[in-house]
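# Sequence and computational prediction follow.
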Amino acid sequence: MILDERLRWMGFWMLDKMKGGKTREYYDQIRYAWKEGSSVEETEKRIQNLIAHAVKTTGGNKSRHPLKGSNLGTKVGLWHGADWHVEV
């Protein structure tokens, strides 16, 4: 890395550490899953959490959501072609 990139990288992680280190925690989880792999159950759980977070932080506008009209608190199934399938 070039010096300015390295300083920016170090500054970012130092600031994150001062704020509690949540970004680093997520970064390490993603890096570990990428290197070591993750189970299907763990991947499904992460996808459910991501969808729940997106709905919570965007106001839950179901009219523009791919799971339109579904119960978003249920377990999300696999992606099949162009349709989302939700398991109840």
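Here it is on my side, so go on.

# and residue 51, what pLDDT?
Residue 51 carries a pLDDT value of 89.

# Which helix or which strand is home to it?
Secondary structure assigned from DSSP states H and E places residue 51 in helix 40-57.

# what's that helix packed up against?
strand 75-80 (3 or more C-beta pairs under 8 Å, 6 or more residues apart in numbering; DSSP states H and E). Using the backbone N, CA and C atoms, a C-beta is placed for each residue, glycine as well.

# Now do the strand it packs on, average pLDDT.
Mean predicted lDDT for strand 75-80 stands at 49.

# repeat for stretch 10-27
pLDDT averaged over stretch 10-27 gives 91.

# Buried by neighbour count: which residues of that stretch qualify?
residue 16 (16 or more other C-beta atoms under 10 Å).

# try stretch 48-59
Applying 16+ other C-beta under 10 Å to stretch 48-59 flags 51, 55 as buried.

# could you dump that stretch to PDB, C-alpha only?
Extracted as PDB, the C-alpha positions of stretch 48-59 are listed here (Å, rounded to 0.1, in the frame of the first residue of the first chain):
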ATOM      1  CA  GLN A  48     -32.300 -13.000   7.800                       C
ATOM      2  CA  ASN A  49     -30.400 -10.500  10.000                       C
ATOM      3  CA  LEU A  50     -29.500  -8.400   7.000                       C
ATOM      4  CA  ILE A  51     -33.100  -8.300   5.700                       C
ATOM      5  CA  ALA A  52     -34.400  -7.500   9.200                       C
ATOM      6  CA  HIS A  53     -31.800  -4.700   9.500                       C
ATOM      7  CA  ALA A  54     -32.700  -3.300   6.000                       C
ATOM      8  CA  VAL A  55     -36.400  -3.300   6.800                       C
ATOM      9  CA  LYS A  56     -35.800  -1.700  10.200                       C
ATOM     10  CA  THR A  57     -33.500   1.100   8.900                       C
ATOM     11  CA  THR A  58     -35.500   1.900   5.800                       C
ATOM     12  CA  GLY A  59     -38.900   2.100   7.500                       C
END
